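*Asks:* what's the 3D shape of this:
(one chain, ligands or ions: 1)
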Amino acid sequence: MIVGTIAHYLGKRADEYHSHRWTVYVRGLDGEDLSHCVESVEFALHPSFDEPTRVLTQAPYEVTETGWGEFDIGVKITFSSDCGEARTVTTTTPLKLFPSAEEIARHGPQTTKKPLIKERYEEIVFHECDGGFYKRMKSH
Ligand code: SLL
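*Replies:* Predicted coordinates for the structure are as follows:
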């Protein structure tokens, strides 16, 4: 699955506390539907946000916010109850809002039209799936 963030600079619509609109997401590779094996995804935002713990029990597993600062977002994925031993995977994903000096040198300054994407592939291997879970995974 893919875990990442996408951020848009708000340009003229920006104010001191809301310079960017961003989304943190967990999704399947190539848009694959995860809902048959994921029970919930919990995102832990920075405590400066209202209700920083956000729980999604159905796709799309994502949260969109506006803000001004970068921080590490906690991500806890809980799999369906029949998926065996490791029912949860906990990780973090860095929210990236601002291009680095090198990125600016290469692509020019940040604009409202070029979103910043930072994502990575996370491989999840199930060892002890019972029959039902395995069949659901295969049939999708
Ligand atoms: C920093 N360590 O100082 C980070 C903290 C926190 C960002 C960044 C809140 C926006 C809102 C927000 O963007 N917090 O409350 O609407 O850079």
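*Asks:* Quick check: residues of the protein near the ligand?
*Replies:* Tyr17, His46, Ser48, Phe49, Gly67, Trp68, Gly69, Glu70, Phe71 (C-beta under 6 Å from any ligand atom). Bear in mind the C-beta positions are built from the backbone N, C-alpha and C, glycine included.
*Asks:* what's the burial count for the second one?
*Replies:* It stands for His46. 15 (other C-beta atoms under 10 Å).
*Asks:* before we move on, what about the fourth one?
*Replies:* Per other C-beta under 10 Å, the neighbour tally for Phe49 reads 15.
*Asks:* likewise the last one?
*Replies:* By other C-beta under 10 Å, the residues close to Phe71 number 16.
*Asks:* ok, now which ones touch it?
*Replies:* Contact analysis of Phe71 by C-beta atoms under 8 Å, 6 or more residues apart in numbering lists Leu45, His46, Pro94, Leu95.
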